[in-house]
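Engineer: Here's my sequence, what's the structure:
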Amino acid sequence: MIVSENKTGVFRSSGTIDISLSPCTEDTYYFTGGTVNGFIGADGGVFHISGGHFIGEVMLNNSNEEAKLEIDLSCDAEFASLEHMIYTNEDSPAIHMTISDNVRVNSMVFSVMGDGVLNYTTLIVNGGYFAVNLRTWANNANEGNVVVSGVTEQYSSQENWAADSSVYAWRIREPKGGIGGVNLDGNIDIRDVLAIQRHVSEYKLLTDDALINADTNGDGVVNIDDAIYLQMYLAEYGVVLGNNPRNYIFHIFGICISRAPIFYETAANYKRIICIILPLIILLSVLAELLAAF
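Structural biologist: Residues are numbered from 1 along each chain as shown. Model prediction:
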């Protein structure tokens, strides 16, 4: 089967299909099963791949720099060779690929090229089986923003190892208990706050699932801010666990301004609040002197 450019496809097959797919579009494509031979090279588009055994090379890129590219790999899709290359410029749209569930990837390449500043996450992995330790691989990927969430495990006769362990020796799985469930007892309460505080003070360090669940504000670091954020959640301040509040600082006429909501008054944000208060005090003092002169 050959699919030409600018054509949306939904592919379902229990047998083997030969396909050559090279779209340069923003259309949506679905792959849900079958054994897929041939080359897939996309420059843009939205791809939902929830099944299928991809024997040929799969390249999901945006070499025209202006194409929207969104990729969702889930369920039990399997890839012999997966490549995700991003070309950026100042006007490039956001691009992302997510890998989850029981996706299997034997060989994977990820790189970023171009003149744009990549200030957003482009690859998110929260599940799957891999031939290499994907967490180590991501740490060595010096281009782009790669987030590997979940627990990394190496095969050692674990139960429920869905993939061929001779090929896929590593897996990423979702942590037990969920974000905020630090002590893994099935509840989120003040005891989880205390567990984070003990970790921060190095009294009792967290590991594996508990350590991942302790990053309650989703900034990638476990510190006292996470304990405060979890307390705010328990006090029903309206915060969302795992959602980084993303406090930005910018300047207007040399005055530092913070976009941090007032209720995100963590230790890190006090500095941001000071950035507002001090310039205002100085400005009011100058205005008072000017008024006094008149």
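Engineer: In stretch 222-234, which residues are buried?
Structural biologist: 222, 223, 225, 226, 227, 228, 229, 230, 231, 232, 233 (16 or more other Cβ atoms under 10 Å). (Glycine included, C-beta is placed from N, CA and C.)
Engineer: Next up, the contacts around residue 175.
Structural biologist: Each residue near residue 175 by Cβ atoms under 8 Å, 6 or more residues apart in numbering is listed here: 150, 151, 208, 209, 212, 213.
Engineer: so of these, which ones are in helices?
Structural biologist: Among these, DSSP state H puts 208, 209, 212, 213 in helices.
Engineer: one step back: for residue 188, state which of the contacts of residue 175 is nearest.
Structural biologist: Set against residue 188, the nearest of the contacts of residue 175 by Cβ to Cβ is residue 213 (9.1 Å).
Engineer: surely the closest one meets residue 181?
Structural biologist: Yes - the pair residue 213 / residue 181 is scored as a contact, 5.2 Å apart, by Cβ atoms under 8 Å.
Engineer: Between these two, tell me which one has more neighbours.
Structural biologist: Comparing residue 213 with residue 181 by neighbour count (other Cβ atoms under 10 Å), the higher total belongs to residue 213, at 28 against 22.
Engineer: residues in contact with that one?
Structural biologist: 175, 177, 178, 179, 180, 181, 182, 184, 192.
Engineer: Which ones among these lie within helices?
Structural biologist: Among the contacts of residue 213, the members falling in helices (DSSP H) are residue 192.
Engineer: Restricted to buried residues, select the contacts of residue 213 in ChimeraX.
Structural biologist: To isolate the buried members of the contacts of residue 213 in ChimeraX, using 16+ other Cβ under 10 Å:
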select :175,177,179,180,181,182,184,192
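Engineer: Need the max-distance pair from the contacts of residue 213.
Structural biologist: Greatest spatial distance among those (Cβ to Cβ): 175 and 192, at 13.1 Å.
Engineer: any idea how far the nearest residue to residue 233 once chain neighbours are set aside lies from residue 179?
Structural biologist: The shortest distance from residue 233 to any non-neighbouring residue, by Cβ to Cβ, 6 or more residues apart in numbering, is to residue 239 (5.3 Å). Residue 239 sits 11 Å away from residue 179, going by Cβ to Cβ, to the nearest Å.
Engineer: about what we covered before: what about the residue nearest to residue 233, distance to residue 216?
Structural biologist: Taking Cβ to Cβ as the measure, residue 239 falls 9 Å from residue 216.
Engineer: shared neighbours of those two, anything?
Structural biologist: Residues within reach of residue 239 and of residue 216 at once, by Cβ under 8 Å, 6+ apart, are 229, 233.
Engineer: The two: which is more packed in?
Structural biologist: Of the pair residue 239 and residue 216, residue 216 is the one with more neighbours under other Cβ under 10 Å, namely 29 against 20.
Engineer: Let me see the domain layout of the protein.
Structural biologist: Residue ranges for the domains of the chain, per automatic domain parsing: 1-174, 178-244, 247-294.
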